[in-house]
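Peer 1: Sequence plus the predicted model coming up.
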Amino acid sequence: MTSSKTKFEVGQSLQGFEIEMTVDRINAYAKASGDFNPVHIDPDYAKKTQFGGVIAHGMLSMAFVSELMAINFPETWHKCGTMKVRFRAPVIPGETVTVSGEVTAVKETELGTVVQCDVFCKKPDGKDALTGSINVPLA
Amino acid sequence: MADITSPPGTLLGPFDVTFDKNRAADYAAAVGASEKSDNPAAMPPAAIIAAGLTYLIEDMDLFNEKITSAGGVIHTTQEAEFFQPVEAGEPVTAMAKMLANTVRRGTRFLTVKTEYRNAEDTLVATSSSTIVAPA
């Protein structure tokens, strides 16, 4: 875990993690978010879609990225920041995704030091499930 | 109530996106959350945005049979900006506005911007969601 005293440099990798996408996790997320789209929770329905089976919510991958930022910026991530993510490929149950990030800029602004990061959620085959860009202040 | 054909400028909401403690616990279990923060009661920012998106989808009836049988909707892009922490149980209301609704080559592109305010009417977050649907 890092803190506002941690120095961030361009090119630095964030402390990432791996996490398995399970049916239980998807169902729990549906309950928490209220998103019961059948493509996420109904195998019979999902089988007939372009995906051929149940897929995880894209917002669940985004939640993993939020967790990544909370791990690396515990003092400020919940207070303020910006994020823009693009959902590039679905994650299916049983896949373990790798959530990672890299510092792309450290900027001095009116609000203080702001760290800009590229973030990724990658599928086991290395394909991007999600890519994005996040700005988070250090204090 | 809006629908998939609602023009830019259409307002959606208000929606109550408050996370009570049980719902917050479900969210934490789903995400595997060890989300660390100086304020343990603070909700992960992405949770509030997710709840807002769910209400948008419901309000526009994007899961109806006509749309799902034509291939359903795909959430392509999500932007969010957070201005202050929100705690579990803290009342938060979302109001949204259709920013764009265009059809190109048989595909509809919707962009909806949402504002999230606490009980003091302070803006705590904004988000912008882009959703692709069959036209």
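Peer 2: Nice, I can see it.
Peer 1: Residue A:33 touches residue B:49, doesn't it?
Peer 2: No: between residue A:33 and residue B:49 there is no contact under Cβ atoms under 8 Å: 9.6 Å. C-beta: built from backbone N, CA, C; applies to glycine.
Peer 1: intersection of neighbour lists for the two?
Peer 2: residue A:59 (Cβ atoms under 8 Å, 6 or more residues apart in numbering or on different chains).
Peer 1: who's more crowded, these two?
Peer 2: Using other Cβ atoms under 10 Å in any protein chain shown as the criterion, residue A:33 and residue B:49 rank with residue B:49 on top: 30 against 26.
Peer 1: For residue A:80, give its distance to chain B.
Peer 2: 5 Å (Cβ to the nearest Cβ, to the nearest Å).
Peer 1: what about the residue lying closest to residue A:55 once chain neighbours are set aside, which helix or strand?
Peer 2: Closest residue to residue A:55 apart from its sequence neighbours, by Cβ to Cβ, 6 or more residues apart in numbering or on different chains: residue A:90 at 3.8 Å. Under DSSP states H and E, no helix or strand contains residue A:90.
Peer 1: quick one: contacts for residue A:90?
Peer 2: Listed by Cβ under 8 Å, 6+ apart, the contact set of residue A:90 reads A:51, A:55-56, A:58, A:129.
Peer 1: Can you tell me which of those residues is nearest residue B:133?
Peer 2: Taking Cβ to Cβ as the measure, residue A:58 is the one of those closest to residue B:133, at 14.7 Å.
Peer 1: Find the nearest non-adjacent residue to that closest one, please.
Peer 2: Nearest to residue A:58 is residue A:87, by Cβ to Cβ, 6+ apart, at 3.9 Å.
Peer 1: so who does the one you found touch?
Peer 2: The contact partners of residue A:87, by Cβ under 8 Å, 6+ apart, come to A:58, A:61-62, A:129-130, B:74-78.
Peer 1: In the contacts of residue A:90, find the pair that's most separated.
Peer 2: So, these by Cβ to Cβ: farthest apart are A:51 and A:129, at 12.8 Å.
Peer 1: Give me the more crowded residue out of these two.
Peer 2: residue A:129 (24 against 13).
Peer 1: In what element of secondary structure is the more buried one found?
Peer 2: Assessed by DSSP H and E, residue A:129 sits inside strand A:128-137.
Peer 1: mind listing what that strand pairs with, with the direction of each?
Peer 2: strand A:81-87 (antiparallel), strand A:112-122 (antiparallel) (DSSP bridges).
Peer 1: So which residues of chain B form strands?
Peer 2: Using DSSP state E, the strands of chain B run over residues B:11-16, B:74-82, B:92-104, B:107-118, B:123-134.
Peer 1: which residues sit against the strand holding residue A:129?
Peer 2: Contacts of strand A:128-137 (Cβ under 8 Å, 6+ apart): A:58, A:61-62, A:65, A:69, A:73, A:76-77, A:79-91, A:97, A:101, A:104, A:109, A:111-123.
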